[in-house]
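Peer 1: Coordinates for the following, if possible.
(one chain, ligands or ions: 1)
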Amino acid sequence: MDPLEPVVTPSQTPAEPLRVAAESSSALEELATLDREPDVEAWRVRWLGRRSQLALALRGLGRLPASERAAAGRALNQAKKELTEGCRNRLAELREQATRRLGALDVSLPGRPLPRGGLHPITLTERAVVAAFAAMGFHVIEGPEVELDYYNFEALRIPADHPARDAMDTFWLAPPEGADARRSRPLLLRTHTSPNQIRFMEANDPPIRLIAPGRTYRNEATDATHEWMITQTEVLAVDRGLTLAHLKGTLYEFARRLFGEDREIRFRCDYFPFVEPGVEVSVSSPGGWIEILGAGMVHPEILARMGYDPEAYTGFAAGLGVERIAMLRHGIRDIRRFYENDLRFLRQF
Ligand code: DAH
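Peer 2: Numbering: from 1, shown residues only. The predicted structure follows:
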């Protein structure tokens, strides 16, 4: 019997209270045979739950002739008390048995030391990046890794024929099974975290100060500085009166927090379709400058399309490469080390 299916509904035959009360002894017999807590719980729902015969009968008492009501009520309440107590006792017994079984184990015996896990170096660096921006008042959002062409490219001013697409070799995804291939919108693995900018601006008004960490994918050959999956962190601020000076100040402060005072950082002009002007930032390392992020002032056309007044509001954005930052912090020369799962490498962090 399905415990959730009422057998009798109050509007039909009022359950015969005395029969219901009498059945409680068979319920108690059944209870004694149950030796798992979830079974006891199912039993409780079936016999004592809101839709149990007992509950229905109690609810139907008012419809009995006055002469029968008192006796029926007493019988039902007695049955309810027995079942409730039975249930409580059975649970206590089961728990005691479990404790006794555990007691037979000598937990003080020395065993082999368990190997301790640790956080992945990329997780550690991602947390440091998030903490640096959080300290400056940015809050964290997340977006999907399977993304629409629209958010990954179109809305960021990278139309289908734009050469910037070539630089981001894309993993395109087949349309979901059963979908009409001609009508479904192109899906891909996001090539960067920038689509989070659009997703957030679409749904929110300025002022905005957010970061969006996460994985990104590119269908490209790997070498010492390129991987097909990398972790980025997007930064976006939109407010009245933000300038390139705010962007530079924020990124300097970020670099100081992550790399200390001694590393030099360098800004140079760069081009990204969704910012104007665009810059790239590199950090000094013994082997030369290493680029860790792209950034710029949010393109006014994007602000306008998001419904913001580009005369009143300006914004800055950045996309940081977390692997590159981890490489700089720890002096790692080959990005592929991170995802080879070689414990000799991973245990060092
Ligand atoms: N999304 C760019 C990339 O992955 C990086 C980037 C550049 C992000 C400039 C930005 C930006 O937000 O303003 O290559």
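Peer 1: Quick check: the residue of the stretch 1-150 of the chain nearest the ligand.
Peer 2: With C-beta to the nearest ligand atom, the shortest gap between the stretch 1-150 of the chain and the ligand falls at residue 147, namely 12.4 Å. (C-beta placed from N, C-alpha, C; glycine too.)
Peer 1: Now the longest helix along the chain: buried residues?
Peer 2: Longest helix in the chain, counting residues (DSSP state H): helix 66-103. Neighbour counts using 16 or more other C-beta atoms under 10 Å place 72-73, 75-76, 79-80, 83, 86-87, 90-91, 94 of helix 66-103 among the buried residues.
Peer 1: Specify which member of those residues is nearest to residue 306.
Peer 2: residue 91 (56.9 Å; C-beta to C-beta).
Peer 1: Help me confirm that residue 347 comes into contact with residue 118.
Peer 2: Yes - here residue 347 reaches residue 118: they are 7.3 Å apart, a contact under C-beta atoms under 8 Å.
Peer 1: isn't the residue of the stretch 1-150 of the chain closest to the ligand right next to residue 194, touching?
Peer 2: No - using C-beta under 8 Å, residue 147 is not in contact with residue 194, being 10.1 Å away.
Peer 1: where does the stretch 151-300 of the chain come near the ligand, residue by residue?
Peer 2: Applying C-beta under 6 Å from any ligand atom, we find that the stretch 151-300 of the chain lies next to the ligand at 192, 194, 234, 272, 275, 278, 294-296.
Peer 1: can you rerun that using 5 Å?
Peer 2: Proximity of the stretch 151-300 of the chain to the ligand, by C-beta under 5 Å from any ligand atom, involves residues 192, 194, 272, 275, 294-296.
Peer 1: so which of the residues you listed is the most crowded?
Peer 2: Neighbour counts for those peak at residue 194, which has 27 neighbours (criterion: other C-beta atoms under 10 Å).
Peer 1: confidence score at it?
Peer 2: pLDDT recorded at residue 194 is 98.
Peer 1: Surely residue 247 forms part of a helix?
Peer 2: Yes - checked against DSSP: H, G, I helix; E, B strand; the rest coil, residue 247 lies within a helix.
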